[in-house]
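S.K.: how would this look folded up:
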Amino acid sequence: MTVRELQDKILKLKKETNTVILAHSYQAREIVEIADFTGDSYKLSVDAKNADADNILFCGVHFMAETAKMLAPQKRVFLANKDAGCPMAEQMDRELISQLRAADPDRTVVAYINTTASLKTVCDVCVTSSSALRIVKALDTDKILFIPDCNLGSWVQKQVPEKDIKLLHGGCPTHAAITAKEALKAREEHPNALFLVHPECVPAVVELADYVGSTSGIMQFAKGSDCKEFIIGTETSISEHLQYDCPDKKFYPVTKNIVCRNMKLTTLPDVYNSLKGMDNGEAFAILMDDKLIADARKCIDEMIRLGG
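M.R.: Numbers count the residues shown, from 1 in each chain. This next block holds a predicted model:
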């Protein structure tokens, strides 16, 4: 069976099962092509909430599907590949953060959206990479514990020096693997290109950027810019998607090794088999009790209240 034939079967099943397919931007091209919505994790969860569908099939990683379930608890939410996790989301647990809160109760715990539902229950407010700076500025406290990504936290910290932001050693291993040496080499090879960087990268790389922003921010900047060449400092799929969307421009991954292996676990057959298995127990459903949803959602509701 060809990719196109399998995509056609998926599109047919999607209609028959009243399912909306969400695909994170780091997914492979053939999955993005059959998705109803694409983009960053939180944006997709909002899409899940607003979608007129009984079922949500998330092509991403586990914490993303959890967030979709929290925002749309009345819908059935499935993860296309049950083994697709996020190393950063699993680096810290609620027991650790509870202990830190008890030791320093005056700090507001700011959690990156890339965390588990369990961890969110002991946090005060969530942020995304695009809203982190805005939310931290809006907080009426100066003492903050920012988790789990110390690189995103460091980027925020430098822009609000008046706040006392404590960081823990956590982060995205994919973005953190990009080195300043690789970035400088890419800039030498493409002197006319703008360097667009995700704030999950280490500070030495972020300092070399022409633009720092979320995945969607990077894509919007590249599409709207008059510049014709870009070095992309985030997961390699973004360079590929941008090249399809803007064939008259050139996009260069800062290094060819920026691959999120967890995102790439999801395949087109996974999507097909999930749609086939929704009613016989073979698809991987996100199951959360009402208390977990209510407790974990509080920090997301606070983010929304603060303009996230």
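S.K.: per-residue confidence averaged over stretch 127-146?
M.R.: Across stretch 127-146, pLDDT averages out at 96.
S.K.: mind listing what's buried in that stretch?
M.R.: 127-133, 135-136, 139, 144-146 (16 or more other Cβ atoms under 10 Å). Placement of C-beta: from N, CA and C, glycine included.
S.K.: just how off-centre is it within its chain?
M.R.: Here the centre of stretch 127-146 is set off from its chain's centre by 17 Å, with Cα atoms, centre = their mean, to the nearest Å.
S.K.: now Asp104: how far from Ala209?
M.R.: 32 Å (Cβ to Cβ, to the nearest Å).
S.K.: which one of the two has more residues nearby?
M.R.: Ala209 (20 against 12; other Cβ atoms under 10 Å).
S.K.: which residues touch that one?
M.R.: By Cβ atoms under 8 Å, 6 or more residues apart in numbering, the residues touching Ala209 are Phe195, Leu196, Val197, Gly233.
S.K.: What are the phi and psi values at the closest residue to the last one other than its chain neighbours?
M.R.: With sequence-adjacent residues excluded and distances taken as Cβ to Cβ, 6 or more residues apart in numbering, Gly233 is closest to Val197, at 3.7 Å. Backbone torsions for Val197, taken as degrees, to the nearest 10, come to phi -130, psi 140.
S.K.: and Val197, how many residues sit next to it?
M.R.: 25.
S.K.: quick check: domain ranges of this protein?
M.R.: 3-85+263-287, 94-172+296-305, 178-253 (automatic domain parsing).
S.K.: between the buried residues of stretch 127-146, which is nearest Lys223?
M.R.: Ser130 (15.7 Å; Cβ to Cβ).
S.K.: just checking, the closest one is part of a strand?
M.R.: No. Assigned with DSSP: H, G, I helix; E, B strand; the rest coil, Ser130 falls outside any strand and is coil.
S.K.: quick one on the thing from earlier: grab the two from the buried residues of stretch 127-146 that are most spread out in space.
M.R.: Ser130 and Leu145 (20.7 Å).
S.K.: which stretches of the stretch 51-200 of the chain form helices?
M.R.: Along the stretch 51-200 of the chain, counting by DSSP state H, counting those that start in this stretch, helices occupy 62-71, 94-103, 117-120, 132-138, 150-159, 173-176, 180-189.
S.K.: which residues touch the second one?
M.R.: Okay, so that is helix 94-103. Under Cβ under 8 Å, 6+ apart, the answer for helix 94-103 is Arg107, Val109, Ser118, Leu119, Thr121, Val122, Cys123, Leu145, Ile147.
S.K.: Identify the residues contacting Glu229.
M.R.: Per Cβ under 8 Å, 6+ apart, neighbours of Glu229: His190, Asn192, Ala193, Leu194, Lys249, Lys250, Phe251, Tyr252.
S.K.: now the residues you listed as a markdown table including neighbour count and pLDDT?
M.R.: Converted to a markdown table, the contacts of Glu229 look like this (neighbours: other Cβ atoms under 10 Å; pLDDT from 0 to 100):
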| residue | neighbour count | pLDDT |
| --- | --- | --- |
| His190 | 17 | 98 |
| Asn192 | 9 | 97 |
| Ala193 | 20 | 98 |
| Leu194 | 18 | 98 |
| Lys249 | 16 | 98 |
| Lys250 | 17 | 98 |
| Phe251 | 22 | 98 |
| Tyr252 | 17 | 98 |
